[in-house]
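In: Below are the sequence and a predicted model; questions follow.
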Amino acid sequence: MTKTFQIAVFEGDGIGPEIMAPTVDLLSALAKASDAYELTFHTVNAGAQHYADTGVSLPARSLETARKADAILLSAMGLPSIRYPDGTEISPQIELRKALHLFAGVRPVRITPGQPTPLKLADDKIVDFVLIRESTEGLFYSQGSRDVRGDEAYETLRITRDTSEKLFRFALKLAQQRKTKGRGPGRVTCVDKANVFSAFAFFREIFDAEAAKYPDLTADHAYVDATALWMVEKPWTFDVMVTENMFGDILSDLGAGLMGGLGLAPSADIGEHHALFQPCHGSAPDIAGQGLANPFAMILSAAMMLDWLGEQHGVAAMCADAARLQAAVDEAIRTRDTVTRDLGGTASTKGAVAALSGKLL
Ligand code: ATP
């Protein structure tokens with residue numbers, strides 16, 4: 001029986017629409033070729049340009065469409081030249097994370113053969129780990145509420161038991177899934193700074209209590225500073241890492257750096273009832289409108305969406321298509337066949353996706 005899924009599409013700013021359009025075409029073609037699932041796309045307004053045009057960055061109707069959708073596909077958003085009156089950038093993606101309680105920011109870090117990593121890796125060292133960044137509280141909690149008292153400025157770091165328990169359960173279940181698929185040893189590392197901050201000692205206590213319920217997994221801890229070092233020195237030792245919002249923000253860019261840049265880094269923001277999939281990079285206004293944008297981070301995010309929907313709804317064909325999509329991108333990176341300029345190729349954004357399409361359909 002065919003299952004139909006409603007997908008809310010935010011095209012974004014800058015290169016956002018350029019990488020989204022061919023991705024939606026490719027997903028539509030994959031769905032059309034399958035009798036197991038159908039995808040219906042609903043394009044909605046939001047972003048910096050929309051704010052400049054209308055004074056609203058995330059219209060209520062767009063949020064409602066996102067809330068009703070089975071999944072949300074979001075491209076790069078925000079433009080440095082368009083800001084709120086207080087000088088901060090327009091970021092509806094952060095509003096969506098809060099409104100839909102998307103607490104688990106999933107940032108996979110994979111280095112496949114041929115990837116332009118700055119690391120020198122021996123052939124037997126496989127880098128394939130997932131960083132999970134709490135995305136609704138931590139040091140981002142007081143974002144938007146300016147607290148400057150004369151010559152002093154304050155932010156609030158908030159860790160709650162409820163969100164932390166959900167976050168750790170998510171991380172532990174992901175490690176179990178990866179273990180079942182042979183992609184990891186079943187290890188979850190809680191990344192914190194529990195030696196200095198009581199909020200992180202609290203975070204760690206909650207982690208230990210949750211992890212104790214998963215005797216099939218190994219649970220350990222690492223301080224965030226040491227983690228930054230080890231991500232460079234021995235990244236193949238990690239499986240699933242789970243951390244606070246600000247630490248995760250910084251470490252996920254380090255992860256993207258290990259992968260050879262933002263053009264190859266996908267992400268997902270997942271809650272108990274909603275999930276959003278988005279490339280890690282920004283809207284790259286310096287190359288917008290030129291057909292130079294690498295679409296692979298967007299496509300890999302779309303593959304994560306297919307896999308998540310497939311797992312949630314028991315549609316094996318969607319998980320299989322996600323794996324095929326990922327393998328096609330890996331192959332293009334390995335052979336440097338029809339890739340964009342940032343990967344040393346000469347292909348346009350559309351050309352790079354057309355080549356994947358040719359292999360898959
Ligand atoms: P943000 O703060 O919104 O995440 P950023 O400051 O990290 O944005 P990006 O917009 O991600 O900046 O761009 C950083 C650099 O990476 C730019 O030189 C941009 O051209 C390049 N870049 C980003 N995404 C891509 C892509 N998909 N393809 C090619 N180059 C990219």
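Out: Great, that's in hand. Numbers count the residues shown, from 1 in each chain.
In: going forward, measure contacts between C-alpha atoms and count neighbours the same way
Out: OK.
In: Using the three-state scheme, assign residue 331.
Out: Three-state call for residue 331 (DSSP: H, G, I helix; E, B strand; the rest coil): helix.
In: Which pLDDT value does the model give it?
Out: Confidence at residue 331, expressed as pLDDT, is 96.
In: how about it, what does it touch?
Out: Under the criterion of C-alpha atoms under 8 Å, 6 or more residues apart in numbering, the contact list for residue 331 is empty.
In: Against the ligand, how distant is it?
Out: 18 Å (C-alpha to the nearest ligand atom, to the nearest Å).
In: From residue 338, how far out is that residue?
Out: Residue 331 is 11 Å from residue 338, where distance means C-alpha to C-alpha, to the nearest Å.
In: In stretch 116-135, which residues are buried?
Out: 116, 117, 127, 128, 129, 130, 131, 132, 133, 134, 135 (16 or more other C-alpha atoms under 10 Å).
In: same check, this time on stretch 153-165
Out: Buried, per 16+ other C-alpha under 10 Å, within stretch 153-165: 157, 158, 159, 163, 164, 165.
In: Next: stretch 187-200.
Out: Applying 16+ other C-alpha under 10 Å to stretch 187-200 flags 187, 188, 189, 190, 191, 192, 193, 194, 199, 200 as buried.
In: Show me the two of those residues that sit farthest apart.
Out: The largest separation in the buried residues of stretch 187-200, counting by C-alpha to C-alpha, is between 187 and 199 at 23.3 Å.
In: related to what we said a few turns ago, ok, so of the buried residues of stretch 187-200, who is nearest the ligand?
Out: residue 191 (22.6 Å; C-alpha to the nearest ligand atom).
In: how about the strands in the stretch 201-350 of the chain?
Out: 218-223, 240-243, 266-270, 275-279 (DSSP state E, counting those that start in this stretch).
In: quick one, which of those is nearest to the ligand?
Out: Per C-alpha to the nearest ligand atom, nearest to the ligand of these: strand 275-279, 8.0 Å.
In: got the CA coordinates for the closest one in PDB?
Out: Below are the C-alpha coordinates for strand 275-279, written out as PDB (Å, rounded to 0.1, in the frame of the first residue of the first chain):
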ATOM      1  CA  ALA A 275      11.300  16.900  12.400                       C
ATOM      2  CA  LEU A 276      13.100  19.400  10.200                       C
ATOM      3  CA  PHE A 277      16.000  18.600   7.800                       C
ATOM      4  CA  GLN A 278      18.400  21.300   6.700                       C
ATOM      5  CA  PRO A 279      22.000  21.700   5.300                       C
END
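In: so what secondary structure elements neighbour that strand?
Out: strand 71-74, strand 266-270, helix 296-313 (3 or more C-alpha pairs under 8 Å, 6 or more residues apart in numbering; DSSP states H and E).
In: The shortest one: what's the following helix or strand?
Out: Pointing back at strand 71-74 there. Using DSSP states H and E, the helix or strand that follows strand 71-74 in sequence is helix 92-99.
In: buried set for that next one?
Out: Per 16+ other C-alpha under 10 Å, helix 92-99 contains these buried residues: 92, 93, 96, 97.
In: residue contacts, the first one?
Out: The neighbourhood of residue 92, defined by C-alpha under 8 Å, 6+ apart, consists of 46, 47, 57, 58, 77.
In: what's the answer for the last one, then?
Out: When contacts are counted by C-alpha under 8 Å, 6+ apart, residue 97 is found next to 103, 135, 136, 269.
In: Max pairwise distance over those residues: which two?
Out: 136 and 269 (10.1 Å).
In: now the helices: where do they sit in the stretch 51-200 of the chain?
Out: 60-68, 92-99, 161-180, 198-211 (DSSP state H, counting those that start in this stretch).
In: nearest residue to the residue nearest in space to the middle of the chain other than its sequence neighbours?
Out: Centroid-nearest residue in the chain: residue 267, 1.2 Å away (criterion: C-alpha atoms, centre = their mean). Nearest residue to residue 267, sequence neighbours excluded (C-alpha to C-alpha, 6 or more residues apart in numbering): residue 107, at 4.9 Å.
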